[in-house]
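1. curious how this folds, go ahead:
(one chain, ligands or ions: 1)
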Amino acid sequence: MSQQIQVSGLDAYYGKHKAIEDISMTIEPQSITAFIGPSGCGKSTFLRTLNRMHEVIPGARVEGKVLLDGEDLYAADVEPVSVRRMIGMVFQRPNPFPTMSIYENVAAGLRLNGSKHSKSELDGIVETSLKGANLWNEVKDRLNKPGAGLSGGQQQRLCIARAIAVQPEVLLMDEPCSALDPISTLAIEDLMMELKNKFTIVIVTHNMQQAARVSDRTAFFNLAGQGQPGRVIEMDETTRIFTNPAQKATEDYITGRFG
Ligand SMILES: Nc1ncnc2c1ncn2[C@@H]1O[C@H](COP(=O)(O)OP(=O)(O)OP(=O)(O)O)[C@@H](O)[C@H]1O
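-> Residues are numbered from 1 along each chain as shown. As a prediction, the model looks like this:
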């Protein structure tokens, strides 16, 4: 299920404003890749180019290539909706559908994709997805209660269950723990470590310890200069980025000297 992403020469614009420039990288399957860097350098923008969410913003566009196991995601005959099914996303604020039950929240992704499942098939997928998101034991007796009634950490795991229910290849996570307390954060981090056995995971985080704890590889983003687009300054094994980075800007950032 887990697939490799190869990006080459990618630029992304908001209207005339070029937000990121000339990004090339390989994101390996069955691993966690972290994007770190100061605010506004384009980490979230880049993440959204990987599943064609960027172009949803009016005037926003992308140049360059994104390949998922060799398939060009921006080829003329590729449907953005199918890309978003293969490459799921989890956002900063847990965003369960507020009026839907826990069960319906997990089933929602499948229904939106037009999948036709019998009730017992759907029950099985909901259970497997909630188990996969380490939430099943906490909610199995209240599947018909509103998703909005869960704690923040549980809601985020519900959103992860919703994302994995459609069996994506890749999970993109944009600061998934920034609205959570430390205990819920550790639960999500543990979950990410389990999920990487099945999915390619990419996470944007401002939390250096988190990047160091969970990720296999880390990319450091920064602006090319004041008013310039964001770029990848350095990408390497996480242990190397945090112990012996090649670039001074990376070292300054991870040691808290700027950003
Ligand atoms: N919807 C938008 N419309 C116009 N410009 C945008 C939009 N979203 C982001 N930008 C601009 O694109 C640039 C990169 O923003 P982005 O949010 O990707 O950075 P980031 O590194 O993820 O920041 P943060 O760490 O604060 O989330 C910034 O200059 C930002 O102002």
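2. run through who's touching stretch 180-197.
-> Applying C-beta atoms under 8 Å, 6 or more residues apart in numbering, the contact partners of stretch 180-197 are 2, 30-32, 132-134, 151-154, 156-157, 160, 164, 171, 173, 176-177, 201, 203, 207, 210, 213-214, 216. Where C-beta positions appear, they are placed from N, C-alpha and C, glycine not excepted.
3. rerun that using 7 Å as the cut-off
-> With contacts defined as C-beta atoms under 7 Å, 6 or more residues apart in numbering, stretch 180-197 is touched by 30-32, 133-134, 152-153, 156-157, 160, 171, 176-177, 201, 210, 213-214.
4. now stretch 167-175
-> For stretch 167-175, contacts defined as C-beta under 7 Å, 6+ apart pick out 1-3, 5, 44, 47, 50-51, 68, 85-92, 163, 195, 199-206.
5. before we move on, what about stretch 227-237?
-> Against stretch 227-237 from outside (C-beta under 7 Å, 6+ apart): 18-23, 25, 41-42, 217-224, 241, 245-247, 249-250.
6. next, the buried residues of that stretch.
-> Pro229, Gly230, Arg231, Val232, Ile233, Glu234, Met235, Asp236 (16 or more other C-beta atoms under 10 Å).
7. residues near the closest residue in space to the first one that isn't next to it in sequence, how many?
-> Meaning Pro229. Among residues not flanking Pro229 along the chain, Glu21 sits closest, at 3.8 Å (C-beta to C-beta, 6 or more residues apart in numbering). Neighbour count for Glu21, taken as other C-beta atoms under 10 Å: 20.
8. surely Thr250 meets Phe242?
-> No: Thr250 is not in contact with Phe242 according to C-beta atoms under 7 Å; the separation is 9.3 Å.
9. and those two? Which one has more around it.
-> The neighbour comparison of Thr250 against Phe242 (other C-beta under 10 Å) goes to Thr250, with 23 against 20.
10. which SS class is that one?
-> Classification of Thr250 using DSSP: H, G, I helix; E, B strand; the rest coil returns helix.
11. show the contacting residues for it.
-> Phe220, Ile233, Glu234, Ile241.
12. let's see it at 6 Å
-> Contacts for Thr250 were tallied using C-beta atoms under 6 Å, 6 or more residues apart in numbering; they are Phe220, Ile233, Glu234.
13. the residues you listed in strands, which ones?
-> When the contacts of Thr250 are checked against strands (DSSP state E), the matches are Phe220, Ile233, Glu234.
14. centre of the chain to the helix or strand containing Met25, how far?
-> According to DSSP states H and E, Met25 maps onto strand 17-27. Distance of strand 17-27 from the chain centroid (C-alpha atoms, centre = their mean, to the nearest Å) equals 16 Å.
15. will you turn the contacts of Thr250 into a markdown table that also has distance to the ligand and pLDDT?
-> Compiled in a markdown table, those are given as follows (distance: C-beta to the nearest ligand atom, whole Å; pLDDT from 0 to 100):
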| residue | distance to the ligand | pLDDT |
| --- | --- | --- |
| Phe220 | 11 | 98 |
| Ile233 | 13 | 97 |
| Glu234 | 15 | 97 |
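16. which of those sits closest to Glu138?
-> The closest of the contacts of Thr250 to Glu138 turns out to be Phe220 (C-beta to C-beta; 36.1 Å).
17. what is the neighbour count of that closest one?
-> For Phe220, using other C-beta under 10 Å, the count is 27.
18. and if you look at Ser178?
-> Using other C-beta under 10 Å: Ser178 sits among 14 other residues.
19. and Gly124, by the same measure?
-> If we define neighbours as other C-beta under 10 Å, then Gly124 has 12 of them.
20. same check on Ala165?
-> Neighbour tally, Ala165, other C-beta under 10 Å: 26.
21. and for it, nearest residue in space, chain neighbours not counted?
-> Ser129 is the one closest to Ala165 (C-beta to C-beta, 6+ apart), at 4.1 Å.
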